[in-house]
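Peer 1: dropping the sequence and predicted coords here.
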Amino acid sequence: METLTDTTTPTPAAADTLLLTLDEAARHLRCARRSVERHVARSSLRVIHLGRSVRVERRELERFVATMRDARDG
């Protein structure tokens with residue numbers, strides 16, 4: 001079974017969104033949703049649970065990228 005992702009560009013209102021879905025976070029990172037789920041499972045990417053929904057704060061995504069960059073630069 002093949003999963004299709006939405007490749008549309010975000011609207012200005014969506015660009016200002018504080019909380020991102022896992023699909024949106026994956027699009028920003030340009031990776032698969034499953035990769036984001038793995039980082040969440042390893043606790044390297046922190047999420048917020050709103051009922052059954054899982055969201056990533058935009059600043060948490062920025063922190064995660066900075067951490068990955070710092071780890072690579074050693």
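Peer 2: Yes, it's here.
Peer 1: so what touches stretch 53-69?
Peer 2: Stretch 53-69 is contacted by residues 17-22, 24-25, 28-29, 36, 39-40, 44-49 when judged by C-beta atoms under 8 Å, 6 or more residues apart in numbering. Every C-beta, even on glycine, is put in place using the N, C-alpha and C of the backbone.
Peer 1: among the residues you listed, which are located in helices?
Peer 2: If you go by DSSP state H, the contacts of stretch 53-69 have Leu22, Glu24, Ala25, His28, Leu29, Val36, His39, Val40 in helices.
Peer 1: turn those into a markdown table, including pLDDT.
Peer 2: A markdown table is the format used below for the ones in helices among the contacts of stretch 53-69 (pLDDT from 0 to 100):
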| residue | pLDDT |
| --- | --- |
| Leu22 | 98 |
| Glu24 | 97 |
| Ala25 | 98 |
| His28 | 96 |
| Leu29 | 97 |
| Val36 | 98 |
| His39 | 98 |
| Val40 | 98 |
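Peer 1: JSON lines for these, including distance to Asp73?
Peer 2: Converted to JSON lines, the ones in helices among the contacts of stretch 53-69 look like this (distance: C-beta to C-beta, whole Å):
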{"residue": "Leu22", "distance to Asp73": "27"}
{"residue": "Glu24", "distance to Asp73": "27"}
{"residue": "Ala25", "distance to Asp73": "23"}
{"residue": "His28", "distance to Asp73": "21"}
{"residue": "Leu29", "distance to Asp73": "18"}
{"residue": "Val36", "distance to Asp73": "22"}
{"residue": "His39", "distance to Asp73": "19"}
{"residue": "Val40", "distance to Asp73": "24"}
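Peer 1: among these, which one sits closest to Gly74?
Peer 2: Set against Gly74, the nearest of those by C-beta to C-beta is His39 (19.6 Å).
Peer 1: what sits against the residue nearest to that closest one when sequence neighbours are not counted?
Peer 2: In space, His39 comes closest to Leu45 once its chain neighbours are excluded; the distance is 3.9 Å by C-beta to C-beta, 6 or more residues apart in numbering. By C-beta under 8 Å, 6+ apart, the contact set of Leu45 is Ala25, Val36, His39, Val56, Glu60, Leu61, Phe64.
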